[in-house]
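Visitor: I'll drop the sequence and a predicted model, then ask my questions.
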Amino acid sequence: MTPPGVKRNILERLNAGEIVIGDGGYVFALEKRGYVKAGPWTPEAAAEAPEAVRQLHREFLRAGSNVMQTFTFYASDDKLVNRGHTQRFTGQQINEAACDLAREVANEGDAMVAGGVSQTPSYLSCRSEAEVKAIFKKQLDVFVQKNVDFLIAEYFEHVEEAEWAVQVLKTTGKPVAATLCIGPEGDLNGVEPGECAVRLVRAGADIVGVNCHFDPETCVKTVKLMKEGVEKAGLKAHYMSQPLAFHTPDCNRQGFIDLPEFPFSLEPRILTRWDMQKYAREAYNAGIRYIGGCCGFEPYHIRALSEELAQERGFLPAGSEKHGSWGSGLEMHTKPWVRTRGHRDYWEKLLPASGRPFCPSMSTPDGWGVTKGDADLMQQKEATSPEQLKALFEKSKTKH
């Protein structure tokens, strides 16, 4: 039995059949709040605006999250100096600050801290396995020093790089989760989801799944394929899903990055809180027990996951105190016709309009087919030059 006051780790919870609610999308949320620069998407805010990161952690905790992920997405040294990016803080400073903030807020509730690494420019530039692993090791050294509860290798487009990350993280002896940003078609080299999952489990991952790039429906479908592959191989794992909060039925293999609306006009695609309750139920029914979100997920989305699974978890989050079940608080509204909307049947059947009569319901994604080894993806410390931009603009004309 766990002593009083000692939190159980991620595997103890999952092994007991419990649901673990993840947190949401820090990068997009903090970009909208003015603390992250779109383009590099790097997490300097952990060091330069800690109050903003701390507040977002607290809102996710209040919404029911069991995990505070360190805000260390793209906090590898090679990413922090890529393409003319001005570096005000070292990678170590950012990673340390992010760990401290996550731990501070996790200690305010029953939450665990997860230290995260993600794909690197070095891999896309065809650096060696040893060089790429050294990048992960620098972040990992901080996570070990700060004693995070478990580790996540997330947002990998190529299973090979994710395997390398898992192998490095596994040296700590801490539980390791690994998520790819892939859909049912598999990674960018065409490795199918089932095979991807098997490779990650054999590399040492305890939890496998997907995050980002696709909507909840697509991600749940992909994790099902991963689960089938793992079981067929006679292996065991836990499963997780942390999708986008955007509808992406029109995406290709690359996901939402290929949509013409990425990243500044995605708002019409945002899932409602009721869409999120549907996602939570479908993920649970698929055998996924680590259920969270990625880009676009705000605290109210996480609260929706928590509310849908409240019976299974045995409680509602603090953030539900002022949120009536299925809009029941609307019974107090001044307008009588709004009072009639405070029930589940209304919101489940509603087909919300976008209010944009001249806009299409779906887009035609870009399809450049650029991936590891392509000249346009090669890492450089210098800013993108006018000549390089001109060449890309010319290439863009041939792609539409």
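Guide: Now that the structure is in, tell me what you want to look at. Residues are numbered from 1 along each chain as shown.
Visitor: can we go C-alpha only for contacts and neighbour counts from here?
Guide: OK.
Visitor: in which helix or strand would I find residue 14?
Guide: For residue 14, the element it lies in under DSSP states H and E is helix 10-15.
Visitor: For that helix, name the packing helices and strands.
Guide: strand 20-21 (3 or more C-alpha pairs under 8 Å, 6 or more residues apart in numbering; DSSP states H and E).
Visitor: Adjacent strands (with direction) for the strand it packs on?
Guide: strand 290-291 (parallel) (DSSP bridges).
Visitor: tell me the mean pLDDT for the strand it pairs with?
Guide: For strand 290-291, mean pLDDT is 98.
Visitor: Then stretch 24-43?
Guide: 95.
Visitor: contact partners of it?
Guide: Here stretch 24-43 makes contact (C-alpha atoms under 8 Å, 6 or more residues apart in numbering) with 44-45, 49, 52-53, 56, 60, 71-75, 79-80, 82, 85, 94, 263, 292-299, 302.
Visitor: switch to 7 Å and redo it
Guide: 45, 71-75, 80, 292-299, 302 (C-alpha atoms under 7 Å, 6 or more residues apart in numbering).
Visitor: Which of those fall within helices?
Guide: Taking DSSP state H as the definition of helices, those contribute 45, 80, 299, 302.
Visitor: and the last one, what is it in contact with?
Guide: For residue 302, the contacting residues are 23, 24, 60, 63, 64, 292, by C-alpha under 7 Å, 6+ apart.
Visitor: pretty sure the last one contacts residue 244?
Guide: No - with contacts defined as C-alpha atoms under 7 Å, residue 292 does not count as touching residue 244, sitting 9.7 Å away.
Visitor: Quickly list what's touching both of the two.
Guide: Residues touching both residue 292 and residue 244 (C-alpha under 7 Å, 6+ apart): there are none.
Visitor: re earlier: ok, which pair from the ones in helices among the contacts of stretch 24-43 is furthest apart?
Guide: Using C-alpha to C-alpha, the ones in helices among the contacts of stretch 24-43 span at most 29.2 Å, a distance reached by 80 and 302.
Visitor: doesn't residue 230 fall inside a strand?
Guide: No - per DSSP: H, G, I helix; E, B strand; the rest coil, residue 230 lies outside any strand segment and is helix.
Visitor: what's the nearest residue to it if we skip its chain neighbours?
Guide: Excluding its sequence neighbours, the residue lying closest to residue 230 (C-alpha to C-alpha, 6 or more residues apart in numbering) is residue 198, at 5.3 Å.
Visitor: how far away is the one you found from residue 219?
Guide: 17 Å (C-alpha to C-alpha, to the nearest Å).
Visitor: now do residue 60
Guide: For residue 60, the distance to residue 219 - C-alpha to C-alpha - is 21 Å.
Visitor: Check residue 192 too.
Guide: For residue 192 relative to residue 219 (C-alpha to C-alpha), the value is 14 Å.
Visitor: Counting neighbours, go ahead and name the busier of the two.
Guide: residue 219 (27 against 20; other C-alpha atoms under 10 Å).
Visitor: Need the pLDDT of the more buried one.
Guide: For residue 219, the predicted pLDDT is 98.
Visitor: Could you give the secondary structure assignment for it?
Guide: Residue 219 - assigned by three-state DSSP - is helix.
Visitor: what's near enough to touch it?
Guide: 183, 210, 241, 243.
Visitor: Now render those as CSV, adding distance to residue 122.
Guide: Shown next, in CSV, are those (distance: C-alpha to C-alpha, whole Å):
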residue, distance to residue 122
183, 23
210, 22
241, 26
243, 25
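Visitor: ok, of those, which one's closest to residue 392?
Guide: residue 183 (26.6 Å).
Visitor: what sits against that closest one?
Guide: 214, 218, 219, 222, 253.
Visitor: Could you give the number of residues near the closest residue to residue 228 other than its chain neighbours?
Guide: Spatial nearest neighbour of residue 228, chain neighbours left out: residue 194 (6.5 Å); criterion: C-alpha to C-alpha, 6+ apart. If you count neighbours by other C-alpha under 10 Å, residue 194 ends up with 22.
Visitor: surely residue 157 meets residue 182?
Guide: Yes - using C-alpha under 7 Å, residue 157 is in contact with residue 182, at 6.4 Å.
Visitor: So these two - more neighbours on which side?
Guide: More crowded of residue 157 and residue 182, by other C-alpha under 10 Å: residue 182, with 31 against 25.
Visitor: which ones are touching the more buried one?
Guide: 157, 210, 213.
Visitor: Give me the nearest residue to residue 327, chain neighbours excluded.
Guide: Once flanking residues are discounted, residue 327 sits nearest to residue 342: 4.5 Å by C-alpha to C-alpha, 6+ apart.
Visitor: Distance of the one you found relative to residue 273?
Guide: 14 Å.
Visitor: Over to residue 208?
Guide: From residue 208 over to residue 273 (counting by C-alpha to C-alpha), the distance is 25 Å.
Visitor: burial measure for the residue nearest to residue 340 when sequence neighbours are not counted, as a count.
Guide: Spatial nearest neighbour of residue 340, chain neighbours left out: residue 331 (7.1 Å); criterion: C-alpha to C-alpha, 6+ apart. By other C-alpha under 10 Å, the residues close to residue 331 number 17.
Visitor: Please verify my assumption that residue 331 contacts residue 337.
Guide: No - the pair residue 331 / residue 337 is not scored as a contact, 9.8 Å apart, by C-alpha under 7 Å.
Visitor: top of the contacts of residue 183 by neighbour count?
Guide: In the contacts of residue 183, the most neighbours by other C-alpha under 10 Å go to residue 214, 32 neighbours.
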